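1. need a structure here:
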Amino acid sequence: MKKTIMCLLMAVILLVGTVAVANAEGEWQHFLLLGCDAREEGRYDRSDTMIVLSFNLGTREIKIASILRDIWMELPGHGEGKINAAVVYGGPECAIDAVEKLLDIRISKYVLVNMRGMIGIIDMLGGLDITISEEEMKYINEKLPETLEDVGSDEVIEPLTQAGTVHLNGAQVLCHIRNRKIGDDYARTERQRNVLMLMIEKATTDIKLDTLLGMIQEGLNYIETNMNLVEIAAIGKMALESGIGDIQMFRIPVEGSYQDATKDGTSCFTIDGEKNVKAYHEFLGIA
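-> Predicted coordinates:
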């Protein structure tokens, strides 16, 4: 009986989600993904990961754009600052306002995950197979004890012993995507985009619809979001139907559109706003 009720609930959720998607056919829907260094629940630190995940509700296309954390801009209602500080000043809503202004799009939904949550989500997926260099392997091993201490974990994890394509658990993946030592910030955001791609791939490969709800319910324990279960299930269904083969990735600011600068005593990027909006809209095919 319990299994039957669960299947009926899933059917209702997917039906409602399908209707909602159909009503907005042909439009892009944008979601802001925020990764914060906060170590405590209910506390907002700077969002060193900022990614816009976009679904085309008509064509089922998925596009991903990462935003460099050091972009200097006017933060709506809070003066000038780095874009990654928006969430500190006004929570996810302020971060949404800043990204909307930066890219000239409308964002209504967000997902925020902190360090502990990122580890939990990756582990829920069973870890990820990621290709890493020898230098990246050494960095992960070096930072792992500190990362576990930061999130209050006493787990003992054996150090990695080889580079190449290796299986990483949640804590190791977190070390990898927070790596600021190897390469510039572009390299860091590329690692973040690649991990997101792998997460989408694993979550949408061989997954059965009758397990989707359980995964979503468990995942909600690790995130803060303004989406409800119906909305998340609809997006999950769309991702299952879309596949990941044609996912396109982008980054802001684009090459040749920014300059290194110092503002209020801190290093940052000043950017050509119009050039970046034009490039991003061309990426979406709405220019």
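2. any idea which element the most centrally placed residue in the chain lies in?
-> Centroid-nearest residue in the chain: Leu33, 4.1 Å away (criterion: C-alpha atoms, centre = their mean). Following DSSP states H and E, one finds Leu33 within strand 28-36.
3. and that strand, what other elements does it pack with?
-> Applying 3 or more C-beta pairs under 8 Å, 6 or more residues apart in numbering; DSSP states H and E, one finds that strand 28-36 contacts strand 47-56, helix 86-103, strand 107-113. (C-beta placed from N, C-alpha, C; glycine too.)
4. tell me which residues in stretch 78-86 are buried?
-> Neighbour counts over stretch 78-86 (16 or more other C-beta atoms under 10 Å) mark Gly81, Lys82, Ile83, Asn84, Ala85, Ala86 as buried.
5. end-to-end on it?
-> Start-to-end span of stretch 78-86 (C-alpha to C-alpha, to the nearest Å) is 8 Å.
6. For burial, what's the neighbour tally of Gly265?
-> A count of neighbours around Gly265, defined by other C-beta atoms under 10 Å, yields 5.
7. List the backbone torsions phi and psi for it.
-> phi 80, psi 10 (degrees, to the nearest 10).
8. same check, this time on Arg106
-> Dihedral angles for Arg106 - degrees, to the nearest 10 - are phi -110, psi 130.
9. For Val230, report the pLDDT, please.
-> For Val230, the pLDDT comes out at 75.
10. if I look at it, how far off is Gly236?
-> 11 Å (C-beta to C-beta, to the nearest Å).
11. ok, now Arg251?
-> Distance from Arg251 to Gly236, counting by C-beta to C-beta: 26 Å.
12. what does Lys181 give?
-> Computed with C-beta to C-beta, the distance linking Lys181 and Gly236 is 35 Å.
13. again with Ile67
-> In this view, Ile67 and Gly236 are 24 Å apart by C-beta to C-beta.
14. So for those two, which residue has more residues nearby?
-> Neighbours per residue (other C-beta under 10 Å) separate Ile67 from Gly236, with Ile67 holding more: 26 against 22.
15. thought the more buried one was touching Ser47?
-> No - assessed by C-beta atoms under 8 Å, Ile67 is found out of contact with Ser47, at 9.3 Å.
16. looking at the helices and strands packed on strand 28-36, which is closest to Thr147?
-> Nearest to Thr147 among those is strand 47-56; the distance by C-beta to C-beta comes to 13.8 Å.
17. which outside residues touch the next helix or strand after that closest one?
-> Under the assignment DSSP H and E, the closest C-terminal helix or strand after strand 47-56 is strand 62-67. Strand 62-67 has contacts (C-beta atoms under 8 Å, 6 or more residues apart in numbering) with 49-56, 83, 99, 102-103, 189-190, 192-193, 196-197, 200, 239, 242, 244, 246-252, 280, 283-284.
18. and the residues you listed, which are buried?
-> 49-56, 83, 99, 102-103, 189, 192-193, 196, 200, 239, 242, 247, 249-252, 280, 283-284.
19. Strands of the stretch 101-250 of the chain, start to end?
-> 107-113, 128-132, 164-168, 224-225, 248-252 (DSSP state E, counting those that start in this stretch).
20. ok, which stretches of the stretch 101-250 of the chain are helices?
-> Per DSSP state H, counting those that start in this stretch, the stretch 101-250 of the chain carries helices over the ranges 115-124, 134-150, 170-177, 185-203, 209-219, 229-242.
21. could you say what helices and strands the fourth one packs with?
-> Going back to what we said before, that points to helix 185-203. Helices and strands touching helix 185-203, as assessed by 3+ C-beta pairs under 8 Å, 6+ apart, comprise strand 47-56, strand 62-67, strand 128-132, helix 170-177, helix 229-242, strand 248-252.
22. Identify whichever of these lies nearest to Cys94.
-> strand 47-56 (10.3 Å).
23. just to revisit the earlier point, to Lys275, which of the helices of the stretch 101-250 of the chain lies closest?
-> Nearest to Lys275 among the helices of the stretch 101-250 of the chain is helix 185-203; the distance by C-beta to C-beta comes to 16.7 Å.
24. backbone phi and psi for Lys181, please?
-> Phi and psi for Lys181, reported as degrees, to the nearest 10, are phi -90, psi -40.
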